[in-house]
Structures are given as C-alpha cells and as structure tokens.
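# The following comprises the amino acid sequence and a computationally predicted model.
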Amino acid sequence: PPERPLTLKMEDATKTPPGAHSHEITLTPAEVKDAKEKRKVFEKMTTEGASHQHRIRGAWRNNNWKILRCDNHDQGNYRCKDQHGMYLNENLSV
C-alpha cells in the first residue's frame, strides 16, 4: 500500500463559462487502500479552481479512478455541470 497521500486531478472543464480549469483531491494512504482493496467509495471536496469547488464521490473501478457523482450531477460522460470528465488522474508531480 502507498505510504503517502495520493493527489488526484480532475480532467479540465470543457464548458464555457466558466472555461478551462481543474480541481484536485488528496486521498490518505488508508483511503487508497480501502478504495483498491475493499472497493470503498470516497467523498471529498476539491481544491478551488475558477472561484469554486466541487463535492465529488469517487471510487477505484476497472483500474481507474472514476468520479461517480460531482455535486448533484451523475449523467453521461461528464459528471459535473462544468463538464469535467468522469475520471481522476494521478498527479505524479506532487
């Protein structure tokens, strides 16, 4: 299991306004382990971008970090009113 937190980045928003921007969340080592080994769902507030934040529900599914719900949106390929994609990418530069 990881020994340090894992930062995950949302895909850039495609809706204008608010325009291209992204957000991040950070999972603790225990949250990463629970998601991968026990298929637990997590809920987190993102960092601020374009003067707002999102509450996302996510999980490790099919070897990907996936957004299950963003605020109250969970339809189609976009899980967010800003049209961020449905996946979270591991931020390896942190």
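In hand now; what should we look at? Residues are numbered from 1 along each chain as shown.
# Give me the neighbour count for residue 24.
Here the number of neighbours of residue 24 (other CB atoms under 10 Å) works out to 17. Glycine gets a C-beta too; all of them are placed from N, C-alpha and C.
# Tell me the confidence at it?
In this model, residue 24 is scored at 96, pLDDT.
# what's the answer for the one 5 residues further on, then?
According to the model's per-residue confidence, residue 29 sits at a pLDDT of 94.
# tell me the phi and psi of it?
When quoted as degrees, to the nearest 10, the phi and psi of residue 29 stand at phi -50, psi -40.
# Double-check it against residue 5; I have them as touching.
Yes - with contact defined as CB atoms under 8 Å, residue 29 and residue 5 form a contacting pair (6.6 Å).
# where along this structure do the strands fall?
6-10, 24-27, 42-45, 55-61, 64-70, 87-90 (DSSP state E).
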